[in-house]
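In: Sequence isn't available, so here's the structure alone:
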């Protein structure tokens, strides 16, 4: 197509675009998501000076929105009807139960991760140091999830809230697991006999580094296993979430 023909085809689609988006809103009660004002603007003949590939992208985008809008409206109608049926209610209930069970398992693994890391700290002589973890509902993502990539968290002295260390666990490209421990400076005025936050913070840092093999062995065995299990669970949760967004199609595909 010539650039002038692309402009003509683009402008000719405006009535259909306005029609399908208006129909979508009338059916669903909401504007079609992801639209900006520019998609409803017509191209001026002077726009023929624009690049051909750019003009083709604009035409393809308008065609795609029209096509997707019609398809999404059909999906909305099918799901609305499906959710009112006994079979639909039962199917959605089963999906929600499956999702909850995945989250329970994810939280169990995370709780094991918290417990084992605290136990590692105690093993190397730091029983007063714990991971900082906020409580999480069983149907929500845990605060810290063992990851095949990187995870960041803090550990803290149980009796000194300002004595803390930052921990990063990650996997390098060569497959080797690494743990990085860092601290923030806490300047104190006490003399060398002071056993303040700064003292305990640096003591913990040195202690962990002196027992690096303990943490390395744990990462390459137990942590790695937990990380892969969490990866699989997160993938399953994503699949269930997608099915819950469009339960009718999910049900139809399972027939």
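Out: Perfect, I can see it now. Everything quoted here is computed from the prediction, not taken from an experiment.

In: Do a quick rundown of the strands in the stretch 151-255 of the chain.
Out: 160-171, 177-182 (DSSP state E, counting those that start in this stretch).

In: among those strands, which gets the worst mean confidence?
Out: If you rank these by mean pLDDT, strand 160-171 sits at the bottom with a mean of 92.

In: List the pairing partners of it within its sheet, with orientation.
Out: When pairs are called by DSSP bridges, strand 160-171 turns out to pair with strand 150-157 (antiparallel), strand 177-182 (antiparallel).

In: Of the strands of the stretch 151-255 of the chain, which is nearest residue 217?
Out: strand 177-182 (9.9 Å; C-beta to C-beta). In short, each C-beta sits where N, CA and C put it, glycine included.

In: Now do the buried residues in that closest one.
Out: 177, 179, 181 (16 or more other C-beta atoms under 10 Å).

In: Next: stretch 92-111.
Out: 92, 95, 98-99, 102-103, 105-107, 109-110.

In: Which residues does that stretch contact?
Out: Contacting residues not belonging to stretch 92-111 are listed as 83, 136, 138-146, 226, 229-230, 233-234, 236-237, 240-241, 243-244, 247, 250 [C-beta atoms under 8 Å, 6 or more residues apart in numbering].

In: which non-adjacent residue is nearest residue 109?
Out: residue 226 (5.2 Å; C-beta to C-beta, 6 or more residues apart in numbering).

In: burial count for the one you found?
Out: 18 (other C-beta atoms under 10 Å).

In: Per-residue pLDDT of it, please?
Out: 97.

In: likewise residue 188?
Out: pLDDT recorded at residue 188 is 62.

In: Equivalent analysis for residue 235, please.
Out: For residue 235, pLDDT reads 97.

In: Tell me how far it lies from residue 194.
Out: 50 Å (C-beta to C-beta, to the nearest Å).

In: Okay then, goodbye and thanks.
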